[in-house]
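Student: Sequence plus the predicted model coming up.
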Amino acid sequence: MPSVDKYAADGSSSGTVDLDDALFGIEPNVGVMHQVVTAQLAAGRRATSKVKTRGEVRGGGRKPWRQKGTGRARQGSIRAVQWSGGGVAHGPTGVENYTKRVNKKLKRLALRSALSDRTATGDLRVVDGLDFDVPSTKGAAALLDAMGVAGRKVLLVLAGFDANVIKSFRNLPPVHILTVDQLNTYDVLASDVVVIESDALELIGTGRRSDLAPATGAETPDMAEAEAIAAGDAGAATRTSDPEGDEA
């Protein structure tokens with residue numbers, strides 16, 4: 001059973017914590033991780049390239065020369081695909097769908113492989129009870145420095161939405177923040193160090209967030225509002241919030 005260092009919210013060491021072998025102690029499957037990451041990147045790809053077909057380019061309204069008797073090959077339009085300035089055959093149309101289908105079993109295996117790889121290399125930390133009374137970037141930076149991960153690409157995995165924690169870490173460029181239900185293979189592999197809140201450990205693999213309420217005591221906002229706050233756009237958070245709607 002693998003174990004990693006555990007830290008308190010003030011950065012002091014609080015011993016070690018044993019991790020689940022099924023999530024953090026398997027042999028990483030590189031092929032499956034590659035397949036899942038490729039599919040994830042493809043899903044975020046936008047079809048922005050567009051070419052004109054022979055029916056969309058200008059000109060070519062008449063036959064360039066008569067069908068027979070000129071000694072030249074017969075042509076119907078100077079905007080056919082073989083002409084310079086003509087249309088393009090079989091080019092991108094701007095409506096391509098690049099998504100790739102990956103089943104849930106492979107996604108789970110890829111995530112477990114990525115977490116196991118970070119554990120095996122010593123690049124996984126557990127922090128106990130992140131709780132900021134007010135947003136404090138200075139306190140967040142001190143915590144990362146105490147854990148020895150300052151300056152590295154850090155993936156911070158939270159058990160639930162906490163506005164003060166998000167506001168404390170969002171100004172630190174190397175830190176990427178996710179709640180446990182957003183945890184994915186690509187973000188784990190793209191980071192140098194994974195820091196997991198202790199309450200999130202038991203939720204990994206379930207696809208759920210904890211019922212932790214925000215520090216303000218209000219109802220947990222939907223993810224659109226959470227992402228807006230993480231991006232620093234308080235106005236957008238207000239605009240996207242729907243108090244009567246269900247959580248996304």
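Tutor: Everything's here; your move.

Student: in this structure, which spans are strands?
Tutor: Remark: strands assigned in the chain by DSSP state E are 3-8, 13-18, 124-128, 154-158, 175-179, 193-197.

Student: Residue 146: which of those strands is closest?
Tutor: Distance to residue 146, taken as C-beta to C-beta, is lowest for strand 3-8 among the strands of the chain, at 6.9 Å. (Glycine included, C-beta is placed from N, CA and C.)

Student: biggest helix in the protein, by residue count?
Tutor: Counting residues, the longest helix found in the chain (DSSP state H) is helix 104-120.

Student: avg pLDDT for it?
Tutor: Averaged across helix 104-120, the pLDDT comes to 95.

Student: start to end distance for stretch 86-101?
Tutor: 36 Å (C-alpha to C-alpha, to the nearest Å).

Student: Quick check: buried residues in it?
Tutor: 86-87 (16 or more other C-beta atoms under 10 Å).

Student: tell me the angle the longest helix of the chain makes with strand 3-8.
Tutor: In terms of direction (axes from the mean of the first three to the mean of the last three C-alpha atoms, to 10 degrees), helix 104-120 departs from strand 3-8 by 80 degrees.

Student: List the backbone torsions phi and psi for residue 172.
Tutor: Per-residue torsions, residue 172: phi -100, psi 110 (degrees, to the nearest 10).

Student: ok, the closest residue to residue 27 other than its chain neighbours to residue 146 distance?
Tutor: Setting aside the residues directly before and after it, residue 27 is nearest to residue 116 in space (C-beta to C-beta, 6 or more residues apart in numbering), at 7.4 Å. Distance, residue 116 to residue 146, using C-beta to C-beta, to the nearest Å: 25 Å.

Student: who's more crowded, those two?
Tutor: residue 116 (22 against 16; other C-beta atoms under 10 Å).

Student: from memory the more buried one sits against residue 25, does it?
Tutor: Yes: with contact defined as C-beta atoms under 8 Å, residue 116 counts as touching residue 25 (6.0 Å).

Student: Pull up the overlap in contacts between these two.
Tutor: Listed as contacting both residue 116 and residue 25 by C-beta atoms under 8 Å, 6 or more residues apart in numbering is no residue at all.

Student: Please report the distance of the residue at the greatest distance from the centre of the chain from residue 119.
Tutor: Distance from the centre of the chain peaks at residue 69, with 63.7 Å (C-alpha atoms, centre = their mean). According to C-beta to C-beta, residue 69 and residue 119 sit 80 Å apart.
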